[in-house]
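Undergrad: The following block contains a protein sequence and its predicted model.
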Amino acid sequence: MEAPDTTAMGAEEFWKGLWKENPVFVQVLGMCPALAVSNTARNALAMGLATLFVLTASNAVISLVRHVVPKQVRIATYILVIATFVTLVDMGIQAISLDLHKALGAFISLIVANCLILGRAEAFASRHGLGASLLDALGMGAGFTVALLSLGAVREILGAGTLFGLPVLPAAFEPWVVMLLPSGGFLTLAGWLLVFNAFEQRRARASAPEAREVPG
Amino acid sequence: MSGDSLWSIFLNACLINNFVLAYFLGLCPFLGVSGQLATATRMGGAVSFVMLVSSVCAFGIQWVLVALDAPYLRLISFIVVIASTVQLVEMFIKKTSPALFRSLGIFLPLITTNCAILGLALFQTNKGFDFLECIAYALGAGAGFTLALLLMAGLREKLALDEVPDLVRGTALSLALAGLLSIVFMGFAGLGG
């Protein structure tokens, strides 16, 4: 990773967050908000975008101050930076849409305790320059948003027969209420992990010399 | 909410609105250290203790912030106080029981970013509990977290010896189990609010 930022490298930083190191499906980080607010696609998208913003902003700031902050107090500094941006987002959402703010509830504040953000700060932003950190944050944030959306979409379609509030299934479909309840979150994520595992296994089995990506 | 008895607040936090299985708080340690029953017990104890301490701290901070008329500092001051509390607990455990310190490993510092702790502080403030109610809420949340962790660890210890397909081994299996446990805990909904 010492190599300077070429365009190929930059694209790599971005794409790894979306698929190969997807924060939710592969690293299993940031689960609490992922499961708690993914009961509808709209909430999931809002939560994903809020996290994307906090992650990008805090990664940028942390990357800029990484040479100034002493090692001993770095975690405390990161948490302060993250908490500041989360407070901003909390007030922003409250100003934009009060309904959304009510639906997400305390989980906006809880972005601060999302292990994904602190994890990226410690593992990436504190060791890389501004450009790479921004790309990393954008990729991870996009991966998180996509993961949340795929959870939220499945839960909303099966649990209410709608997607973003619009009916997508015929009226004869009996909604699976359990998908909207907490247990539905666990089961949906378990299902997605199975899909990911199946992909990984197939790729490992067909590890021809010209495999597109070698895991690890 | 403040009309409820302390006992019902405790039951509510422990069973009906279990932090892990109904609010999805504290999932990282829940999935991470629930491999063995012994470790899970210690982790549950550590989290419950930190919960109690930070609940008291959060009550104090809220009082100060209301007096200062500075509610926008709430999140920042909560997280800082919780982080320092965890640091203290960590140093205390390291000094008194190095074996326990080793077995908890990375998860002790991670209590800092345990959303269950911060969530507890935020919820009790939102609900406007008085001091005794805060204590009951924190004890209930800690007991509920420990209970969920122990149930999960017991199940996973049994499953470790069973033959399951490679496909579901690992996190997917744990999550499916958590989903079933969550359905079970829904049965407690009839107990009260």
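TA: Sure, I can see it. Being a predicted model, the structure only gives us computed values, none of them experimental. Numbering: from 1, shown residues only, chains lettered A, B, ... in the order given.
Undergrad: Averaged over its residues, which helix or strand of chain B has the lowest pLDDT?
TA: When the helices and strands of chain B are scored by mean pLDDT, DSSP states H and E, helix B:107-110 comes last with a mean of 65.
Undergrad: What mean pLDDT does the helix or strand following it get?
TA: Sequence-wise, the next helix or strand downstream of helix B:107-110 (DSSP states H and E) is helix B:115-126. For helix B:115-126, mean pLDDT rounds to 83.
Undergrad: and what of stretch B:73-90?
TA: Rounded mean pLDDT across stretch B:73-90 is 80.
Undergrad: hmm, who's touching that stretch?
TA: For stretch B:73-90, the surrounding residues in contact (CB atoms under 8 Å, 6 or more residues apart in numbering or on different chains) are A:75-76, A:79-80, A:83-84, A:86-87, A:90, A:109, A:112-113, B:46, B:49-50, B:53-54, B:57-58, B:61-62, B:65, B:101, B:108-109, B:111-112, B:117-118, B:121-122, B:125. Where C-beta positions appear, they are placed from N, C-alpha and C, glycine not excepted.
Undergrad: Wait, a helix at A:S63?
TA: Yes. Counting by DSSP: H, G, I helix; E, B strand; the rest coil, A:S63 falls inside a helix.
Undergrad: and it, what is it in contact with?
TA: Taking CB under 8 Å, 6+ apart as the test, what A:S63 contacts is A:A125, A:S126, A:H128, A:G129, A:L130, A:A132, A:S133, A:L134.
Undergrad: Quick check: it vs B:A143, distance?
TA: Separation of A:S63 from B:A143 (CB to CB, to the nearest Å): 41 Å.
Undergrad: just B:N18 next, same as before
TA: When B:N18 is compared with B:A143 (using CB to CB), they lie 10 Å apart.
Undergrad: just B:N126 next, same as before
TA: 21 Å.
Undergrad: again, but for A:K71
TA: Distance of A:K71 to B:A143, computed by CB to CB: 38 Å.
Undergrad: One more: A:L163?
TA: When A:L163 is compared with B:A143 (using CB to CB), they lie 39 Å apart.
Undergrad: now swap in B:P165 and tell me
TA: Counting by CB to CB - B:P165 and B:A143 are separated by 35 Å.
Undergrad: ditto for A:K20
TA: 40 Å.
Undergrad: the strands in chain A, which residues?
TA: Under the criterion DSSP state E, chain A contains strands at A:162-163, A:166-167.
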